[in-house]
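**Student:** Quick one, what's the 3D model for this:
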Amino acid sequence: MLEVENLTLSVGDFHLRGVSFSVKGRDYLTVIGPTGAGKSVLLEAIAGFYPLSSGRIALEGRDITREPPERREMSIVYQDYMLFPHMSVFDNIAFGLKKRRLSRGEIEREVLEIAEELHIDHLLHRKPGTLSGGEQQRVALARALIVGPKVLLMDEPFSALDTKTREELRSLVRLVIGKHGTTVIHVTHDFEDVFALAKHVAVMRDGRIVQFGTPEEVFSRPGDEFIASFVGTNLLRGRVEERSDGLTAVRVGDVILYTADEAEGEATLSLRPEEIILAREPKECSAQNVVPVEVAEMERRGQLVWLSLVSDGLSFRAVVTPNAVELLKIRPGERFYAIFKAKALRVVK
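**Tutor:** Modelled structure (predicted):
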């Protein structure tokens with residue numbers, strides 16, 4: 001559907017450096033990375049807002065590298081909506097259609113249809129300044145989708161919204177995008193967007209894509225320490241002791257851990273914090289790893305609590321709900337058992 005080959009350009013002191021990737025039709029790609037990694041520049045380069053130093057962009061086999069933005073069959077949605085304040089919601093949504101010389105009846109029919117899909121048909125007479133942030137973003141999405149873009153580009157579209165509104169918009173976007181069959185590239189800093197929407201995810205750093213894959217691949221098997229740290233995955237280094245009965249035993253510090261992956265010699269393992277269960281006593285269960293730990297630190301982040309856990313020569317992080325903290329009476333200095341399955345412990349290298 002969309003091919004980006006060796007994309008290279010400079011914007012002031014910033015450089016995109018040989019970015020290459022492709023997305024299939026109806027794919028949903030999220031682009032993540034630290035501030036300044038080049039995510040927005042990449043999106044706007046694909047849209048045609050910057051001339052390339054080198055590289056090629058092809059849409060359905062057609063070279064669009066030097067096509068102006070209006071001929072690329074793409075729409076873009078920004079964090080701050082970019083609506084026309086002097087126009088009604090109806091006229092904002094209809095803006096792209098008016099250039100196509102459609103009849104008034106055809107325009108009204110299409111505007112009403114997309115407005116109903118995004119639950120804003122009752123707002124068509126209003127001005128953007130009278131709407132909530134979530135309503136304005138729905139208008140921006142409607143304006144972007146009504147022209148039938150082959151690729152929808154979104155630059156942190158939910159980041160200015162409150163948690164509840166973000167969740168509602170994710171669900172609505174998933175339904176509407178699925179109905180229209182639109183291919184999406186979505187820049188975000190919120191991992192909930194990735195887990196809720198993405199089929200693929202690209203991690204950017206310093207103007208390059210450093211890992212590309214499914215969310216499961218990127219978050220469970222980060223390619224290096226930077227990516228592991230960025231996506232919040234524990235990296236554990238050890239040495240393989242043996243493999244038997246479909247499990248590999250790896251010594252990390254003074255602890256033996258079991259993974260379902262194969263490995264030899266020195267091994268680096270990844271473990272997602274949410275895969276860890278805490279218990280006061282070792283439980284009879286199917287999980288192969290039951291590690292005695294002490295809670296070193298606790299940190300509340302929104303609706304979750306992050307725990308720093310230490311054991312014999314081993315340290316890692318787990319995440320639990322505030323309810324679990326109260327139920328288990330989790331406090332720094334308290335001892336627990338960290339329980340996780342062998343398939344949750346993945347060999348990175």
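
**Student:** going forward, measure contacts between C-alpha atoms and count neighbours the same way
**Tutor:** Noted.

**Student:** which residues does the closest residue to residue 153 other than its chain neighbours contact?
**Tutor:** Of all residues not flanking residue 153 in the chain, residue 76 sits nearest, at 4.5 Å (C-alpha to C-alpha, 6 or more residues apart in numbering). Residue 76 makes contacts with 47, 144, 152, 153, 154, 155, as judged by C-alpha atoms under 8 Å, 6 or more residues apart in numbering.

**Student:** again, only this time at 10 Å
**Tutor:** Applying C-alpha atoms under 10 Å, 6 or more residues apart in numbering, we find residue 76 in contact with 43-44, 47, 140-141, 143-145, 149, 151-155, 157, 184-186.

**Student:** got the phi/psi numbers for the most centrally placed residue in the chain?
**Tutor:** Centroid-nearest residue in the chain: residue 194, 2.7 Å away (criterion: C-alpha atoms, centre = their mean). Phi and psi for residue 194, reported as degrees, to the nearest 10, are phi -60, psi -50.

**Student:** My guess is it contacts residue 201. True?
**Tutor:** Yes - the criterion here is C-alpha atoms under 10 Å, and residue 194 meets it with residue 201 at 7.2 Å.

**Student:** shared neighbours of these two, anything?
**Tutor:** Common neighbours of residue 194 and residue 201, using C-alpha under 10 Å, 6+ apart, are 28, 29, 30, 31, 32, 186, 187, 214, 215.

**Student:** three-state assignment of residue 102?
**Tutor:** Here residue 102 is coil, with the state taken from DSSP: H, G, I helix; E, B strand; the rest coil.

**Student:** This protein: helices as residue ranges?
**Tutor:** 39-47, 89-98, 104-117, 133-145, 163-180, 191-197, 215-220, 225-231, 322-328 (DSSP state H).

**Student:** just the angle between the fourth one and helix 89-98, please?
**Tutor:** Taking axes from the mean of the first three to the mean of the last three C-alpha atoms, to 10 degrees, one finds helix 133-145 and helix 89-98 inclined to each other by 20 degrees.

**Student:** Now do the same contact list for residue 241.
**Tutor:** Applying C-alpha under 10 Å, 6+ apart to residue 241 gives the contacts 248, 249, 250, 251, 256, 257, 263, 264, 265, 266.

**Student:** 6 Å - rerun?
**Tutor:** Going by C-alpha atoms under 6 Å, 6 or more residues apart in numbering, residue 241 touches 249, 250.

**Student:** Could you report the separation of it from residue 315?
**Tutor:** 20 Å (C-alpha to C-alpha, to the nearest Å).

**Student:** and what of residue 215?
**Tutor:** Residue 215 is 25 Å from residue 315, by C-alpha to C-alpha.

**Student:** cool, residue 71 as well?
**Tutor:** In terms of C-alpha to C-alpha, residue 71 sits 53 Å off from residue 315.

**Student:** For these two, indicate the residue with more neighbours.
**Tutor:** A side-by-side neighbour count of residue 71 and residue 315, using other C-alpha atoms under 10 Å, places residue 315 first with 18 against 11.

**Student:** And the more buried one, what's its pLDDT?
**Tutor:** pLDDT, the model's per-residue confidence, is 91 for residue 315.

**Student:** give me the beta-bridge partners of it?
**Tutor:** residue 310 (DSSP bridges).

**Student:** What of residue 277?
**Tutor:** Beta-bridge pairing for residue 277 (DSSP bridges): residue 339.

**Student:** Could you identify the longest strand within the chain?
**Tutor:** The longest strand of the chain (DSSP state E) is strand 289-301.

**Student:** Relative to that strand, what are the paired strands and their orientations?
**Tutor:** With DSSP bridges as the test, strand 289-301 pairs up with strand 304-311 (antiparallel), strand 335-340 (antiparallel).

**Student:** Run a quick neighbour tally on residue 186.
**Tutor:** By other C-alpha under 10 Å, the residues close to residue 186 number 27.
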